[in-house]
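In: Need coordinates for the below:
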Amino acid sequence: MNASSVVGVILLAGSVLGVAPGAPAAPDLPEGLGAPASDTAEPSLPAGLGGKIEPEQTTEKPASAALPFWLRGFWEARGGSRLNDDPHQRDLSIAETRLQLEAEKYFQGATVRLTGDFLYDDLDDDRAVDLESGEGAFDLREASLVFSPSADTDVKLGRQILTWGTGDLVFINDLFPKDWVSFFIGRDVEYLKAPSDALKVSAFSSWANLDLVYTPRFDADRFIDGRRLSFFNTGQGRLTGRNAVVLAGRPADAFEDDEWAARLYRNLGAYEVALYGYDGFWKSPAGADPASGRARFPPLSVLGASLRGPVGAGIGNVELGYYDSRADRDGDDPTVRNSELRLLLGYEQEIARNLTLGLQYYLERMGEFEAYRRALPPGAPVRDENRHVLTQRLTWLTHSQNLEWSLFLFYSPSDRDAYLRPRVGYQVDDHL
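Out: Residues are numbered from 1 along each chain as shown. Coordinates of the predicted model:
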């Protein structure tokens, strides 16, 4: 987590451009982000990763009526400053403005979707566009083709946002790329999910549904490397930032450094059950090259499962996954992260009218801990065998549920750190 306290503010946000008359309604959420409609429908949305709320339909013609495609977007500006001194970072944590435009065109049997952010970031040292990292003056969020070759099969090809699992801002079997820098400097929560360049095939049946995702070239997390946020550098045993930026060599050969992810899911009565599989690489650096010292992404396979449904007066969930670190299954290579067992327990309940409380407990348990400890060089810091994280989300809706007060807290008793994310949002429409 960030070594410095940060406070941020949204200066201006939100402007709907409209939908052309006669065009279909707003597109469905990405797979895994919608509420279930039947026994084999998608699992419900993990809290905190929802799509934008659609405005009410009006009889007035929007400005986009003359366009041959559906269009909408928003403009915003964000600023933030550190509350205490960090010798390795600038005083400002975020100073940017962005314009996001979403375009969608419906053809006979297919849909093309494009979403891009035009961004000016005053803290960016290099404004050259890098679609892989999302840096520069333009970030391509989606460029996809969606079609259904049969009544029980959907296909989505191209750049897209992917998510699944039961956690609220905590991920075990969701091995799709995340943007941790955006999350911790205070961008909107939608930017926690980075795009994937992938092929997704969804098959539906009366018994169960299957999602299969193939990524021909590894998509890494947009991880914290010290340029914008300081972090505890285990290699140096101290906090570092811009004085020791992490250099990583990522797998980049198409169709060789690829990734597979699968989810088999269905409803059993009121409960959502899912099995998961993944084959690829650690999404953030989890090793180092002894010769060059550069961080690397070792091979990784994951098997997992989840269950979500009513418990008492609320909704409970449990999710687990086994992380098989294929490059160090014996745990005796100190340059590669060990295999791990990960567990998530969650519960959410409305504790008063329009007041909801969500709690989670997350565990990472290292495998082959004794072998790992024996292999460490003398004087090297030792990771905990068990890493614990507790989260709390408190949501209060007022003013006819148009004003939302939200408080999300991460606290790790093993890491002895915390992250607090308060938010106040008001739902407005075009009549304001």
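
In: Where does pLDDT dip in the chain?
Out: Applying pLDDT under 70 to the chain flags the ranges 1-65, 432.

In: one more time with 90, if that's ok
Out: For the chain, the stretches with pLDDT under 90 are 1-69, 84, 108, 124-128, 133-135, 232-239, 289-293, 377-381, 400, 427-432.

In: mind listing the helices for it?
Out: With helices called from DSSP state H, the chain shows them at 180-185, 369-375.

In: Dump the ones you listed to TSV, plus mean neighbour count.
Out: In this view, the C-beta of every residue, glycine as well, is placed from N, C-alpha and C. TSV is the format used below for the helices of the chain (neighbours: other Cβ atoms under 10 Å):
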stretch	mean neighbour count
helix 180-185	21
helix 369-375	15
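
In: Tell me which of the ones you listed lies nearest to residue 417.
Out: helix 180-185 (11.8 Å; Cβ to Cβ).

In: Dump the closest one to CSV, restricted to CA.
Out: Presented in CSV, the C-alpha positions along helix 180-185 are these (Å, rounded to 0.1, in the frame of the first residue of the first chain):
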residue,chain,number,x,y,z
TRP,A,180,-3.6,-0.9,-8.6
VAL,A,181,-2.1,2.5,-9.3
SER,A,182,-5.5,4.0,-10.3
PHE,A,183,-7.2,2.4,-7.3
PHE,A,184,-4.8,3.8,-4.7
ILE,A,185,-4.4,7.3,-6.1
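
In: And that helix, what does it pack against?
Out: On a contact count with 3 or more Cβ pairs under 8 Å, 6 or more residues apart in numbering; DSSP states H and E, helix 180-185 meets strand 6-12.

In: Rebuild the helices of the chain as CSV, extending it with distance to residue 253.
Out: Converted to CSV, the helices of the chain look like this (distance: least, Cβ to Cβ, whole Å):
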stretch, distance to residue 253
helix 180-185, 25
helix 369-375, 30
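
In: State the distance from the nearest residue to residue 289 once chain neighbours are set aside to residue 202.
Out: Distance criterion Cβ to Cβ, 6 or more residues apart in numbering; nearest residue to residue 289, sequence neighbours excluded, is residue 296 at 5.5 Å. When distance is defined by Cβ to Cβ, to the nearest Å, residue 296 is 33 Å away from residue 202.

In: repeat for residue 120
Out: Taking Cβ to Cβ, one finds residue 120 at 37 Å from residue 202.

In: picking up where we left off before, quick one: the residue nearest to residue 289 and residue 72, what's the gap?
Out: 40 Å.

In: re the thing from before, what's the closest of the helices of the chain to residue 211?
Out: Of all the helices of the chain, helix 180-185 sits nearest to residue 211, with 24.2 Å by Cβ to Cβ.

In: How far off centre is the closest one?
Out: Put simply, helix 180-185 sits 10 Å off its chain's centre (Cα atoms, centre = their mean, to the nearest Å).

In: One more: stretch 277-284?
Out: With Cα atoms, centre = their mean, you get 15 Å for stretch 277-284.

In: And stretch 134-152, by the same measure?
Out: Put simply, stretch 134-152 sits 16 Å off its chain's centre (Cα atoms, centre = their mean).

In: Just the C-alphas of that stretch, formatted as PDB.
Out: C-alpha atoms of stretch 134-152 as PDB (Å, rounded to 0.1, in the frame of the first residue of the first chain):
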ATOM      1  CA  GLY A 134      -2.700   2.700 -20.100                       C
ATOM      2  CA  GLU A 135      -0.200   5.600 -19.900                       C
ATOM      3  CA  GLY A 136      -0.100   8.600 -22.100                       C
ATOM      4  CA  ALA A 137      -2.700  10.800 -23.600                       C
ATOM      5  CA  PHE A 138      -5.100   8.000 -24.600                       C
ATOM      6  CA  ASP A 139      -6.300   4.800 -23.000                       C
ATOM      7  CA  LEU A 140      -8.300   2.300 -25.100                       C
ATOM      8  CA  ARG A 141     -10.700   0.700 -22.600                       C
ATOM      9  CA  GLU A 142     -12.700  -1.400 -25.100                       C
ATOM     10  CA  ALA A 143     -12.600  -2.300 -28.800                       C
ATOM     11  CA  SER A 144     -14.700  -5.500 -29.200                       C
ATOM     12  CA  LEU A 145     -16.900  -7.400 -31.500                       C
ATOM     13  CA  VAL A 146     -19.900  -9.300 -29.900                       C
ATOM     14  CA  PHE A 147     -21.900 -11.900 -31.700                       C
ATOM     15  CA  SER A 148     -23.900 -15.200 -31.100                       C
ATOM     16  CA  PRO A 149     -23.100 -18.100 -33.500                       C
ATOM     17  CA  SER A 150     -25.900 -20.100 -31.900                       C
ATOM     18  CA  ALA A 151     -28.800 -19.600 -29.500                       C
ATOM     19  CA  ASP A 152     -26.800 -21.000 -26.600                       C
END
